Each structure stands twice: as structure tokens, then as C-alpha cells.
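Participant: Sequence and predicted model, in that order:
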Amino acid sequence: MPPYTATHGHILSYHIIKKLNVDPKAALEEAIKTWAGQLKKVDPQTIGGAVFYQDEVEEKASDWAKMVTSKNSAVGCSVKECADQGFTLVICQYNGLFTSRDTLYAVGKPCSGCADPNVNRKCDTALGGGLCIKP
């Protein structure tokens, strides 16, 4: 049982579904929706054009923060049935490390920061746009 430990240099989120024989795709979708739903519990304050990992975001929406931080450049997820314990486990690891009071992301138009030479990214248009990706 929890807590689970992230690989060195990563952070993780986990979600437990208290049943077996769950379709892996459905399990992953449930986990992501649960983590994204944490945003409804908070009102992330914008300070100087950025959202920070602090206060109620840190307390009530840490899994949401792990998904949305601009520090991420890689994510890996796994779904495992834990038959002996009677549950299905979803774990996602992210390489975007951050701590309390760190900036999660800058507020702005989607892809507005991609052209910054320090960022070296291009705007992803394949999935509806909005994310800066490696060229």
C-alpha cells in the first residue's frame, strides 16, 4: 500500500480503483480526471503573471499541479492490477520537479511562450494546439 516512491529525479501521482478487471485505458482516464478535478477545489492565484505551487494548490490540488507544471517534458504512466489487495493501481511519473512556492506555469495565450529562444519549443497543433513541445 502507499506511499509509492518515484524514480530519482521524478515526482508521481497515484490513484487506486477499488476493483479488479478494470480496462487499463478506462483506469488511466479515471485517474487523470480525478487529478484534473482537484482544480475545482482551489482558486489558483495569479501573481505577476504566473501560478505558484503554494497555499491551497499545494494542500488540495497537488496531483493537478504535477500534471500541469511547465517544468514537465516527459510523463510515464502504468496501470497494475493488485489482485491480492483487491484493487487496480494507476501511477504516473513526471520529470518536472518543483517544491513549495515554485512557479507552476506562466499565464498567457496558448503557445505564446514557444518562440522564446530560451525555451526552444514549437506549438503543437496536432491535438488541438496549446502546448509547446520539443521540435
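Facilitator: The structure has been received and is ready for your questions.
Participant: alpha carbons only for contacts and neighbour counts from here, please
Facilitator: Will do.
Participant: So which residues make contact with the lengthiest helix in the chain?
Facilitator: Identified as the longest helix of the chain according to DSSP state H is helix 24-37. Here helix 24-37 makes contact (Cα atoms under 8 Å, 6 or more residues apart in numbering) with 14-15, 17, 61, 63-64, 79, 88, 90.
Participant: can we see that at 7 Å?
Facilitator: 15, 63-64, 79, 90 (Cα atoms under 7 Å, 6 or more residues apart in numbering).
Participant: Give me the subset of the residues you listed that lies in strands.
Facilitator: Using DSSP state E, the members of those that fall in strands are 15, 79, 90.
Participant: how about the residues you listed in JSON lines, adding distance to P24 and neighbour count?
Facilitator: Formatted as JSON lines, the ones in strands among the contacts of helix 24-37 follow (distance: Cα to Cα, whole Å; neighbours: other Cα atoms under 10 Å):
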{"residue": "H15", "distance to P24": "12", "neighbour count": "19"}
{"residue": "V79", "distance to P24": "6", "neighbour count": "21"}
{"residue": "V90", "distance to P24": "9", "neighbour count": "21"}
